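**Student:** Only the shape, not the letters, is given here:
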């Protein structure tokens, strides 16, 4: 993808700004749309359009699970205490922030 020229906007006295037209077009933003700002560990800020549409990957995965459970109910079983304890031992102390982008090593 070719580099695009920088676009600059100015903050008002109330810390408001206008999203430059090139950015609005790139993100397909219209009046009343929402935008999300994300900041990574280096301080870089990302802007993205907020979508009300459900994530198609999650929907497809849930559909797959539903079909499998309906087709193979004999495979379903309750979690027993031993399995729950083993799972907690694996991930119980792991702190996960789903809003933080993956590091380059994790991608």
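**Tutor:** That came through fine. Predicted model only: the values in this text are computed from it and were never measured.

**Student:** so where do the strands sit in the protein?
**Tutor:** Assigned by DSSP state E, the chain shows strands spanning 35-39, 45-49.

**Student:** how near is the residue nearest to residue 68 when sequence neighbours are not counted to residue 66?
**Tutor:** Distances taken as Cβ to Cβ, 6 or more residues apart in numbering put residue 75 closest to residue 68, at 7.8 Å, once the chain neighbours are dropped. Heads up, the C-betas are built off the backbone N, CA and C, glycines and all. Applying Cβ to Cβ, to the nearest Å, the value for residue 75 to residue 66 is 13 Å.

**Student:** Residue 33 too?
**Tutor:** For residue 33, the distance to residue 66 - Cβ to Cβ - is 32 Å.

**Student:** Next, the contact list for the residue located most distally from the centre of the chain, please.
**Tutor:** For the chain, the largest distance from the centre (Cα atoms, centre = their mean) belongs to residue 74, which lies 34.3 Å off. Contacts for residue 74 (Cβ atoms under 8 Å, 6 or more residues apart in numbering) come out as none.

**Student:** Can you check the pLDDT for it?
**Tutor:** Residue 74 is assigned 95 on the pLDDT scale.

**Student:** ok, now the one 3 residues further on?
**Tutor:** Per-residue confidence for residue 77 comes out at a pLDDT of 88.

**Student:** for residue 103, same thing?
**Tutor:** Value listed for residue 103 in the pLDDT field: 78.

**Student:** Grab the nearest non-local neighbour of it.
**Tutor:** When the adjacent residues along the chain are set aside, residue 103 lies closest to residue 41, with 7.8 Å between them (Cβ to Cβ, 6+ apart).
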